[in-house]
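K.L.:
Show me the folded form of this:
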Amino acid sequence: MLAESERWFSPPVAPMDCNGDGELSLTEFIVALRGHPEVSAVLKLPHVIRQEDGSRDLCVSAFNDMDDDNSNFVDILMNNCNC
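P.N.:
Coordinates of the predicted model:
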């Protein structure tokens, strides 16, 4: 069974993938955090994101941690899957 934080990066989050390519870009990730406080709460990240207060840097760091292959994208269908 997937942990709570891993569920957000499975098929139910496909709507966060704005262009439908199966990958989440940094921009899509930040838009999702801003638009879905429940996502930011599960990931323990802010949903109010600003360059000036360091919250954007925190989100970029979290995104980079999820980007397993350093492609600047997170595969939302397979990330953290223990298949």
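K.L.:
Could you use CA atoms for every contact and neighbour count after this?
P.N.:
Fine.
K.L.:
Check this structure for me, the residue farthest from its geometric middle.
P.N.:
Going by C-alpha atoms, centre = their mean, the residue of the chain most distant from its centre is residue 52, 20.7 Å out.
K.L.:
I'd like to know how far it sits from residue 69.
P.N.:
In this view, residue 52 and residue 69 are 29 Å apart by C-alpha to C-alpha, to the nearest Å.
K.L.:
same thing with residue 76?
P.N.:
13 Å.
K.L.:
do the same with residue 75
P.N.:
Distance from residue 75 to residue 69, by C-alpha to C-alpha: 10 Å.
K.L.:
Which helix in the protein has the most residues?
P.N.:
In the chain, taking DSSP state H as the definition, the longest helix is helix 55-66.
K.L.:
What strands line up against the helix or strand just after it, and which way round?
P.N.:
Sequence-wise, the next helix or strand downstream of helix 55-66 (DSSP states H and E) is strand 73-75. Strand 73-75 sits in its sheet next to strand 23-25 (antiparallel), going by DSSP bridges.
K.L.:
what sits up against the strand it pairs with?
P.N.:
For strand 23-25, the external contacting residues (C-alpha atoms under 8 Å, 6 or more residues apart in numbering) are 16-17, 72-77.
K.L.:
what's near enough to touch the most centrally placed residue in the chain?
P.N.:
Compute the mean C-alpha point of the chain, and by C-alpha atoms, centre = their mean the closest residue is residue 29, 4.5 Å away. Going by C-alpha under 8 Å, 6+ apart, residue 29 touches 16, 63.
K.L.:
next one: residue 36
P.N.:
Residue 36 neighbours (C-alpha under 8 Å, 6+ apart): residue 47.
K.L.:
repeat for residue 32
P.N.:
Here residue 32 is in contact with 16, 39 (C-alpha under 8 Å, 6+ apart).
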